[in-house]
Every structure is written in C-alpha cells, then in structure tokens.
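**Student:** Okay, predicted coordinates and the sequence, questions at the end:
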There are 2 protein chains.
Amino acid sequence: MPVAKGSTIDPARTRAAILDAATPLLYERGLDGIGVAELCTLLGVSKETLYRHFGTKDGLVQAVLRARSDRVTRSLAEAVAAAGPEPADQLAAVFEVFQRTYDEPRFRGCAMLNAAAQHHVEPVRAITARHLDRYLDTLTGIAERAGAADPHLLGRQLLMLVEGATVVATHHGPAATGEHALRAALTLLAAAS
Amino acid sequence: MPVAKGSTIDPARTRAAILDAATPLLYERGLDGIGVAELCTLLGVSKETLYRHFGTKDGLVQAVLRARSDRVTRSLAEAVAAAGPEPADQLAAVFEVFQRTYDEPRFRGCAMLNAAAQHHVEPVRAITARHLDRYLDTLTGIAERAGAADPHLLGRQLLMLVEGATVVATHHGPAATGEHALRAALTLLAAAS
DNA sequence: ACCCGATCGAACCGATCGGTACCATCTGTG
DNA sequence: CACAGATGGTACCGATCGGTTCGATCGGGT
C-alpha cells in the first residue's frame, strides 16, 4: 500500500512525526546503532520519504539534535522561571529537572554529548557546543541574580556541576545525584556572593 | 615479506606494541571511525596477527580501554602522592593533571566516556564504570584526609567537578578550565570540613 | 642445523550500510 | 471528476565492514 489508508498527506506533519519518532530511537540505540532501513520500518515511513525530507541520514540526525536542544532548553527555562526570584530556588529547579531525566528508565546520558562522541563531524559538534552555551546562559543568569562577584566564573562552575552530575548519573547510578549536585551548587553560590 | 626484516618475534612485545599504537588511533578517530583493515595498515600489523592476539575488534577495544584506565589511574595516583599531605595541594595536583590532558592538541574528551557513548555493549560500559570508581576512590581519599563530615558525598561532588570540567574543556574550550574547577573544588573542600 | 611458531600479505566471504530508482496508490485541490 | 504531489513498498547498487583462510617467510629455542 503506497500511502497510508486513512493518513493525511501533509509534508510538515510527516516531517514532525519522523522527528518525534526518530528522537528516542537514535538516543537509545546510538546514532550509528540503527540503520536507515530499520529506522524507516520502525517509523512506518519509506526511505524515499525520509530522504526527501532530510536529504541524508546526517541531515536527520542534525534535525533531531536541534529539535531536542530546543525542547530541553525551553523546558529548563520554564522550570527556572516557575521557581520564583530566589537564585537558590532556581538552582533547585534546574537540578530537579535533570534528576527527572536521570530517573527515566531509558536514560543513557546526555543526548548531545553522546551524539558528539559518536559522530565525529563538525556540524554535530557545533550543535552540542551551542547546547552547552544555552545551559551556560541560564546558569550565568542565575549567578548574576545571586550577585556573584564573577558571574561568568560561577556560571561555568555550575555548568561543570550540571554536566558532571549527568555523567555520574549515567555511569554511577542516578540515585540522589541531583541532590548532591544541588548541595554543591548552593555551596558555590553562597561562597561567591 | 611475511615477517618483518629485523623484527624480534615476541608475542608479548607484539601485543604491547599493537595496544600502544592502537590507543591514540581509536581515541582520535572513534571506536567505529576506523576499520580493522586501516587499523592494521597504520599499525604495520597483519589482520591475522591482530585477531590472534585479541580475538575480535571488540577484544582489542576492551584491552585498549583497560590499559588506558590503568595508565591514567596510576599517573593520577602518582601526582596526588607527589603533592604532599595537604588535601588542597592534592586537589590542585589532580586538576593540574587533567588540565594537561585538556591542553593536548589531540584532546577529544574523556576516552572512557566517549567509548561508553559509542559502543553500546556491556563490557565497555563496565570498564568505564570501573574507571569512574577509581577516580571516586582517589577523590574520596582526599575528602577523608581533609576531615570532611561526609567524605563519600564530597568525593562524589568532586567527581562531578572533574568529569564536568572534562566535558566543558571538550566542548567549551580548555582555557582555565582546570583552574576554575579547582577553585570550585577548594570551595567545597573548605565548606565540608 | 633443524623445526615450530609467529608473522605478513593478499585474497576472499557474507552481511550490512547509506543512498537511489521505479511504480502503484492514495490524498487534497480545483 | 481529474490532476498533481506525497507516500509506501521493493528491488537494487556500490562500498565498506568484521572476520577467515592460506601460503610464503623468517626468528628463536633445542
């Protein structure tokens, strides 16, 4: 059956559906851990459609990573905004968001870092670097509102804690990782003002 | 020419030479970024020899990772031992060692984390987890000597800083990363005793 | 001096990969 | 009702991959 029985033909919708369905697959199996053929089968899409929308597998990968970075950054910003004006509360919100991802059964580490480690091509590394810059912006903002003497330094140190917590949660177990990282972050925050 | 012109036939030596030469190649190109054929060409070894020593490519990969973990752990322990009895000095020695690796021109992030992200097989993840455990032992030891109220907590937080610093150095530039991480570590150390 | 074993080089294998081409079929539009 | 475009299904392609095999050759222990 060349086209789905009751499916709506809408290129934009198809593209979004491919992105949504491919994201967890590429994350759990690894960028090179699943081939285009299997990917299309699990997605319920033909290879021709996938290639028409994304050009190459790498195009799909980059689109997935960009969408993921946007989504994660947005949800983090919303959590911070909802935490109120206190920098300490905002930090707590940050590590709460991350702890929730650590506790997910499919958690396999930071998707952006994994992608950069797997795919040795420049565009992917650039997407990852931009993603970390977004984290850094959020954390530096908290540092500024806390009145840190050197908010850029504190922001960078908080970024290390965030990424380090993700690494530790990945390879050393997620239990209490967010809380331990938060306590360290609050110590740095208190010492920097 | 079936066997090298003036080479000594010594299986143990051959195996060690393969390990040494394969380590930087697999690190810089990625575990799946270089094939066995090219690997053997660059190593100056035949495929038969490689497979006789390591069984499979995965066997070579795991041997390389184990050897690397041993070497890094040893050099870190030596640096800490040479830093004297002061925990603060020992922490400085730790981040000095890491900063030196960040500054290497071929630096591409933590080899163990990259391997775990690339190779979705259990043994590799186990080697990475054991590597982090070794780091944790060293850092917890420093926390204990510093008289920390909860040395295991402080050790884990220091581990986050170490791994986070490596991530930041990888994707956000190595400049001053070790120093920034050290200052955060010293703050945690001072607050925990 | 002899012989076992380690080694090289090259050919070879089956599987899988990313990507392309073609066609029948369905949807949405006018 | 008719047409254009989006899609699914399938077969196919060249390249590359990990791994095996075989014969020729050389070093080292006996």
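**Tutor:** Noted; the coordinates are in hand.
**Student:** can you count the residues close to A:R52?
**Tutor:** 12 (other C-beta atoms under 10 Å in any protein chain shown). Where you see a C-beta, it was placed from the backbone N, CA and C, and this is true even at glycine.
**Student:** ignore the last one, A:I142
**Tutor:** A:I142: 25 neighbours (other C-beta under 10 Å).
**Student:** Now for the closest residue in space to A:P85 that isn't next to it in sequence: which residues touch it?
**Tutor:** Using C-beta to C-beta, 6 or more residues apart in numbering or on different chains and skipping residues adjacent in sequence, the residue nearest A:P85 is A:R145, 7.5 Å away. A:R145 sits next to A:P85, A:P87, A:Q90 when contact means C-beta atoms under 8 Å, 6 or more residues apart in numbering or on different chains.
**Student:** Show the contacting residues for the last one.
**Tutor:** Applying C-beta under 8 Å, 6+ apart to A:Q90 gives the contacts A:V80, A:A83, A:G84, A:I142, A:R145.
**Student:** nearest spatial neighbour of the first one, skipping sequence neighbours?
**Tutor:** It stands for A:V80. A:Q90 (4.8 Å).
**Student:** distance of that neighbour from A:L182?
**Tutor:** As judged by C-beta to C-beta, to the nearest Å, A:Q90 and A:L182 stand 11 Å apart.
**Student:** Same question for A:D32.
**Tutor:** Taken as C-beta to C-beta, the span from A:D32 to A:L182 is 35 Å.
**Student:** between these two, which one's more packed in?
**Tutor:** A:L182 (22 against 16).
**Student:** Looks like that one contacts A:L91 (just checking).
**Tutor:** Yes - judged on C-beta atoms under 8 Å, A:L182 makes contact with A:L91 at a distance of 6.3 Å.
**Student:** Give me the common contacts of those two.
**Tutor:** With C-beta under 8 Å, 6+ apart, A:L182 and A:L91 have no common neighbours.
**Student:** need the helix or strand of chain A with the lowest average pLDDT.
**Tutor:** helix A:11-29 (a mean of 94; mean pLDDT, DSSP states H and E).
**Student:** which residues touch the helix or strand just after that helix?
**Tutor:** The helix or strand immediately downstream of helix A:11-29 is helix A:36-43, counting by DSSP states H and E. By C-beta under 8 Å, 6+ apart, the surrounding residues in contact with helix A:36-43 are A:A17, A:I18, A:A21, A:A22, A:L25, A:L26, A:S46, A:K47, A:T49, A:L50, A:K57.
**Student:** what's the burial count for A:A143?
**Tutor:** 26.
**Student:** Can you say which helix or strand has it in it?
**Tutor:** helix A:122-145.
**Student:** cool, and A:G147?
**Tutor:** When the helices and strands are read off by DSSP H and E, none of them contains A:G147.
**Student:** any idea how far DNA strand C is from the closest residue to A:A111 other than its chain neighbours?
**Tutor:** In this structure, A:A111 finds its nearest non-sequential neighbour in A:Y27, 5.1 Å apart by C-beta to C-beta, 6+ apart. Remark: distance between A:Y27 and DNA strand C (C-beta to the nearest atom of the strand, to the nearest Å) = 15 Å.
**Student:** Once you drop chain neighbours, what's closest to A:T166?
**Tutor:** Nearest one to A:T166, counting by C-beta to C-beta, 6+ apart, is A:C110 at 4.9 Å.
**Student:** just checking, A:A92 touches A:R183?
**Tutor:** No - using C-beta under 8 Å, A:A92 is not in contact with A:R183, being 10.1 Å away.
**Student:** who touches the residue nearest to A:R66 when sequence neighbours are not counted in this structure?
**Tutor:** Leaving out its chain neighbours, the residue that sits closest to A:R66 by C-beta to C-beta, 6+ apart is A:I127, at 6.0 Å. Contacts of A:I127 were listed using C-beta under 8 Å, 6+ apart, and they are A:Q62, A:L65, A:R66, A:S69, A:M112, A:A115.
**Student:** Quick check on these: which are buried?
**Tutor:** A:Q62, A:L65, A:S69, A:M112, A:A115 (16 or more other C-beta atoms under 10 Å in any protein chain shown).
**Student:** which SSE is the first one in?
**Tutor:** Read it as A:Q62. Going by DSSP H and E, A:Q62 is in helix A:57-82.
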